[in-house]
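**Q** Sequence below, structure please.
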Amino acid sequence: MQRLGYENILFVHAFTGCDTTSSAFKKSKVIFCRLYLKSPDLKEAAAVFSDPSASQEDVHKAGITCFLKWYGAPTKETSLNAYRYQTFVKSVTNVKPDISSLPPTEGAARQHLYRPYHQVQQWLGNNLPPQDWGWTMKGDVLVPNQTEDPPAPQVLLQTIFCRFMKDCSSRFMKESVVVGRQCCHVTQRALIVREVA
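**A** Numbering: from 1, shown residues only. Sure thing, here's the model as predicted:
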């Protein structure tokens, strides 16, 4: 394979997943490398990850370009959420839809993109505060932020209801699904979904 160069290989390794960053499900580093070597857009986006003065918005915009290319979006597509929706619609027409291979949401992508940027900067000797770049301190441990988006649009959450006639917190139930405010048995605003144990 052609040479990537040290700054580029740092970006490719961190963006596609390494020990300190998350990776995209069912997405190959090798495929991304091949795309990267052929795409001026990806090389331009990668330069942002090596820039110690890049803003979060710069990182987000450059990273979305990378995700769209990696997931095979048309060149004219600029919204990860719109492309995710198009991919979802196409996927559900299959006999066995594979929604696990959908592109991430913009919110999840944003958090993912901050971590590779932070990691590349660390490797380049630029110590940035991790809490500004996709991490949260829990106790004395850094934990990756997943997303700032809700699990579903609020209007959808408000239409979901509990099918149980008695208290949902019975010993036969365990947390796992989201119920909206419409459920008369839910006493907390926390979006907790229950399933039969």
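
**Q** if we look at the longest helix seen in the chain, which residues are touching it?
**A** In the chain, with assignment by DSSP state H, the single longest helix is helix 106-123. For helix 106-123, contacts defined as C-beta atoms under 8 Å, 6 or more residues apart in numbering pick out 7, 10-11, 14-15, 18, 20-22, 24, 48-50, 52, 54, 56, 59-60, 62-64, 67, 79-81, 103-104, 127-128, 130, 132-135, 144-149. (Glycine included, C-beta is placed from N, CA and C.)

**Q** What are the boundaries of the strands in the protein?
**A** Secondary structure of the chain (DSSP state E): strands at 135-138, 141-144, 173-175, 194-196.

**Q** can you pull the contacts of Lys27?
**A** Lys27 neighbours (C-beta under 8 Å, 6+ apart): Thr16, Trp70, Tyr71.

**Q** Any chance of the residues you listed in JSON lines with distance to Tyr117, neighbour count and pLDDT as columns?
**A** JSON lines is the format used below for the contacts of Lys27 (distance: C-beta to C-beta, whole Å; neighbours: other C-beta atoms under 10 Å; pLDDT from 0 to 100):
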{"residue": "Thr16", "distance to Tyr117": "14", "neighbour count": "21", "pLDDT": "85"}
{"residue": "Trp70", "distance to Tyr117": "16", "neighbour count": "19", "pLDDT": "85"}
{"residue": "Tyr71", "distance to Tyr117": "19", "neighbour count": "18", "pLDDT": "85"}
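
**Q** any idea which of these is the one closest to Asn94?
**A** Checking the contacts of Lys27 against Asn94 by C-beta to C-beta gives Tyr71 as the nearest, at 16.5 Å.

**Q** got the contact list for the closest residue to that closest one other than its chain neighbours?
**A** Excluding its sequence neighbours, the residue lying closest to Tyr71 (C-beta to C-beta, 6 or more residues apart in numbering) is Pro103, at 4.5 Å. Listed by C-beta under 8 Å, 6+ apart, the contact partners of Pro103 are Phe67, Leu68, Tyr71, Ala73, Leu80, Tyr83, Arg84, Thr87, Ala109.

**Q** any idea how far Thr16 lies from Lys27?
**A** 7 Å (C-beta to C-beta, to the nearest Å).

**Q** now Val143
**A** Distance check for Val143 against Lys27: by C-beta to C-beta, it reads 23 Å.

**Q** Burial check on the nearest residue to Phe88 once chain neighbours are set aside, number of neighbours?
**A** Leaving aside its sequence neighbours, Phe88 sits nearest to Leu102 (C-beta to C-beta, 6+ apart; 5.8 Å). Leu102 has 16 neighbouring residues, counting by other C-beta atoms under 10 Å.
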